[in-house]
Structures are given as structure tokens and as C-alpha cells.
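Pasting the sequence and the predicted model now:
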Amino acid sequence: MKTAIVSSKTSVNHLTGDGHPEQPKRVTAIVEKLKKNKNLVWDSPASFDHSILKKVHDEDYVSMVEESFPNQGLKFLDGDTIISPGSKDATIDAVGSVIKAIDGVEQKKFGNAFCAVRPPGHHAEKNKAMGFCIYNNCAVAAHYLIEKFKYKRVAIFDPDVHHGNGTQDIFYDNKNVLYLSTHQYPFYPGTGSEKEKGNYNNIFNVPLPAGTTSEKYMNALDRVLNRLVEFKPEFLILSMGFDANIADPLAQFELKSEDFYEITKRTLKATNKFTNGKVVSVLEGGYDLNALANSAFNHVNALIENNE
């Protein structure tokens with residue numbers, strides 16, 4: 001089976017204003033880079049029952065978001081989370097992409113998938129948009145796996161350089177989901193200390209200092225993989241930010257684009273015996289366009305190899 005790229009042209013209609021780092025060209029840069037690879041299947045978002053959003057986010061929050069999309073111009077949901085008229089379809093298609101990816105893996109239409117979507121999701125809490133995020137795409141994915149496919153152990157690994165406070169918030173009291181994160185700390189959004197463990201010891205944070213090199217990161221990754229193996233996940237979700245790249249303007253890690261191949265390969269190797277290779281990856285951060293495209297390309301290459 002092949003690796004699928006699930007994406008939607010509506011992502012470019014989610015406008016955030018001139019100079020905003022979470023820009024439409026992010027997905028375009030990745031798609032253009034991946035088009036050169038002939039070993040991929042391309043797919044588009046699924047339609048889905050929007051009530052699933054209210055299983056992950058508070059009902060009042062979902063209603064607020066639905067009513068917030070402007071007819072023209074830009075609107076702020078928080079200090080750095082901006083929406084435009086085209087954001088309505090983009091946010092729904094981002095969620096629809098992860099649904100399509102999971103269904104495709106479960107139905108064996110493809111081996112694994114990368115969802116090239118925006119807006120990202122891991123900062124979106126139960127009742128709050130923040131950090132460029134509106135709906136928590138990976139949280140919806142995990143809930144969907146548990147509700148529709150009856151999984152008991154779903155793992156979400158988040159190597160984005162910023163801590164996924166939203167995903168942690170949503171699953172802090174859920175024994176079926178293990179959330180693991182490596183991230184720069186102390187740093188935005190301020191969460192992610194080792195003391196934050198979840199009510200079922202289901203949160204595993206590995207905070208790392210600014211200036212973390214490839215070597216130091218890979219050493220930290222060993223801790224993540226050990227915890228993953230202990231958990232024995234039946235399905236793996238990668239909350240895949242690429243802003244730990246040394247070229248990224250919004251953080252101070254020093255990873256190279258090639259490191260994302262190694263991170264992915266090692267993570268899959270450690271979990272394949274539990275997941276049978278079932279993995280869906282979802283785009284989070286990454287704001288230098290060249291570094292983002294190259295990092296995503298290397299990440300997807302590791303996904304492709306895992307099907308062989």
C-alpha cells in the first residue's frame with residue numbers, strides 16, 4: 001500500500017493578513033514539493049457529521065466559531081488567531097482531511113497518510129482558539145478512532161517546537177489517549193512542564209531548552225519512544241510540526257530538515273508492532289517555507305518506507 005496525502009484547495013482561502021507567519025503558502029510549498037514524488041496517493045477531505053466537533057470542544061465554543069466567520073475582511077479570534085470568509089471551509093476541510101485519512105487507513109485504501117492542512121490545531125483547547133488554531137484536528141482524529149473504531153489505546157506524538165496545550169487540555173482526563181510532546185520550554189504557550197502528567201499518567205512532556213541540537217533532541221526522543229512502547233498504542237497520530245527546524249523564525253531549536261526523516265522512522269519502528277503501521281500525520285507548525293517543505297518531504301519519505 002502507498003502513503004496518502006490528504007489536502008484541500010480551500011486551505012489557501014484561509015487568509016490571515018499580510019506578514020502573518022501562518023500563511024496560505026505553507027500548504028502550497030509542501031504540496032509543490034511532494035508532487036515530485038510518484039509513490040503517493042492524493043486524496044481530498046471527507047464530509048462528516050459536525051457533531052463530532054462538540055465531542056472534542058465545548059458546544060458553546062463550536063457555536064461561537066461557526067458564527068464568527070466574517071462576510072468580508074479579517075477577524076481576530078484571539079491575539080494571533082485570525083479568520084477570513086474562506087476560513088469556514090478551510091477549518092472544516094482540515095477536520096475532514098483527518099477523517100478521510102483515518103477511514104482510508106482503516107479500510108486499507110492506503111497504508112498511512114499525511115494531512116497537509118491549515119489552520120493547524122494543537123493549541124485549540126476545549127473552549128478556546130489560540131496560537132493560529134481553531135479546531136483541534138488531532139484531537140478530533142483521536143476521538144473518531146475511539147468512538148467509531150473502538151480503539152482503547154491511541155497515542156498522539158507532538159514534535160512541534162511549541163507545546164500542544166490544546167491537545168493536552170482535551171485529553172488530560174482520558175485514559176484511552178496518551179499525549180506525548182517534545183517542545184522548547186519555557187516558551188509559548190507556557191504549558192508543558194514535566195509535572196503535567198494527566199489524571200491517568202497519560203500526558204508525557206519532554207521540555208527542552210532553546211538551542212537544542214539534533215543530537216540532544218534524538219536523546220530526548222528515546223524517552224518518548226520508551227513511553228510509547230510502554231503504552232502499546234493501537235493507532236498512532238503524529239501532530240506534526242516542523243518548526244523545530246533551525247531555519248524557523250518562531251523558535252530556537254537547531255534541527256535539520258533531514259532530522260524529521262529520522263524522527264519519523266524511529267517513531268514508526270518503535271510502534272509498528274503495536275499499530276501494524278497504522279499512522280496518520282497532521283500538519284501543525286513550520287513557518288520558513290523552504291525548511292517546511294524540505295522537512296515535510298523527509299517526513300513523508302519515512303512514511304513511504306514504512307509501507308514497504
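On my side now, so go ahead.

Spell out, range by range, the helices that occur in the stretch 101-250 of the chain.
Using DSSP state H, counting those that start in this stretch, the helices of the stretch 101-250 of the chain run over residues 137-149, 165-171, 214-231.

Take the ones you listed and write them to TSV, including mean pLDDT.
TSV is the format used below for those (pLDDT from 0 to 100):
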stretch	mean pLDDT
helix 137-149	98
helix 165-171	98
helix 214-231	98
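
Buried deepest among those, which one?
Mean neighbours per residue, mean count of other Cβ atoms under 10 Å, is largest over the helices of the stretch 101-250 of the chain for helix 165-171, with a mean of 26. C-beta coordinates here come from the backbone N, C-alpha and C atoms, glycine included.

For it, name the packing helices and strands.
helix 137-149, strand 154-158, strand 177-184, strand 203-208 (3 or more Cβ pairs under 8 Å, 6 or more residues apart in numbering; DSSP states H and E).

How far away from the center of its chain is it?
Here helix 165-171 is found 12 Å from its chain centre; the criterion is Cα atoms, centre = their mean, to the nearest Å.

Looking at the helices of the stretch 101-250 of the chain, spot the one closest to residue 126.
Smallest distance to residue 126 across the helices of the stretch 101-250 of the chain (Cβ to Cβ): 5.7 Å, for helix 165-171.

Dump the C-alpha coordinates for that closest one into CSV.
Extracted in CSV, the C-alpha atoms of helix 165-171 (Å, rounded to 0.1, in the frame of the first residue of the first chain):
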residue,chain,number,x,y,z
ASN,A,165,-1.6,22.9,25.2
GLY,A,166,-4.9,22.3,23.5
THR,A,167,-4.4,18.6,22.9
GLN,A,168,-3.2,18.2,26.5
ASP,A,169,-6.2,20.1,27.8
ILE,A,170,-8.7,18.0,25.8
PHE,A,171,-7.3,14.6,26.9
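
what's in contact with that helix?
Contact with helix 165-171 is made by 56-57, 121-126, 128, 130-131, 133, 136, 138-139, 142, 156, 158, 177, 179, 181, 189-192, 196, 198, 202-203, 205, 239, as judged by Cβ atoms under 8 Å, 6 or more residues apart in numbering.

and the end-to-end length of stretch 74-83?
Terminal residues of stretch 74-83 are spaced 6 Å apart (Cα to Cα, to the nearest Å).
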